[in-house]
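# Sequence first, predicted coordinates after that:
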Amino acid sequence: MSVMLPTNTPLSDPVSYDVVSSFIANIAYDANVSEMTVRFLGGSDYTYTDVTREQFDDVRLSESVGKALHAFKENL
């Protein structure tokens, strides 16, 4: 899947997005350290390392963020 980013958002800048999910509140990515952080509705955070921007966008832009995150974890 190809994702167009605004031209004023460098890929190296950390980004954070609120998502619509029954158990995930927010998903963030820091390209400087290749980390994706997921904040769950209960308030806990989990950080995944060695994540590409493409993997992050695949999870974030999925129709079901929870299912996409589960699939991502299955492929680690």
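Happy to help now that I have it.
# all contacts plus neighbour counts: C-alpha atoms, from now on.
Fine.
# which is the next helix or strand following the helix or strand that contains Ala25?
Using DSSP states H and E, Ala25 sits in strand 24-30. Using DSSP H and E, the helix or strand that follows strand 24-30 in sequence is strand 35-40.
# Show me what the one helix or strand Lys73 maps to is packed up against.
Following DSSP H and E, one finds Lys73 within helix 65-74. Here helix 65-74 touches helix 53-60, going by 3 or more Cα pairs under 8 Å, 6 or more residues apart in numbering; DSSP states H and E.
# which parts of the helix it packs on are buried?
Arg53, Phe56, Asp58, Val59, Arg60 (16 or more other Cα atoms under 10 Å).
# what comes into contact with that helix?
Contacting residues not belonging to helix 53-60 are listed as Met1, Val3, Val19, Ile27, Tyr29, Ala31, Ser34, Met36, Val65, Ala68, Leu69, Phe72 [Cα atoms under 8 Å, 6 or more residues apart in numbering].
# Tyr48: how many residues sit nearby?
13 (other Cα atoms under 10 Å).
# Now do the same contact list for it.
Glu35, Met36, Thr37.
# Return a ChimeraX selection command for the buried portion of these.
Burial among the contacts of Tyr48 is assessed by 16+ other Cα under 10 Å; the matching ChimeraX selection reads:
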select :35,36,37
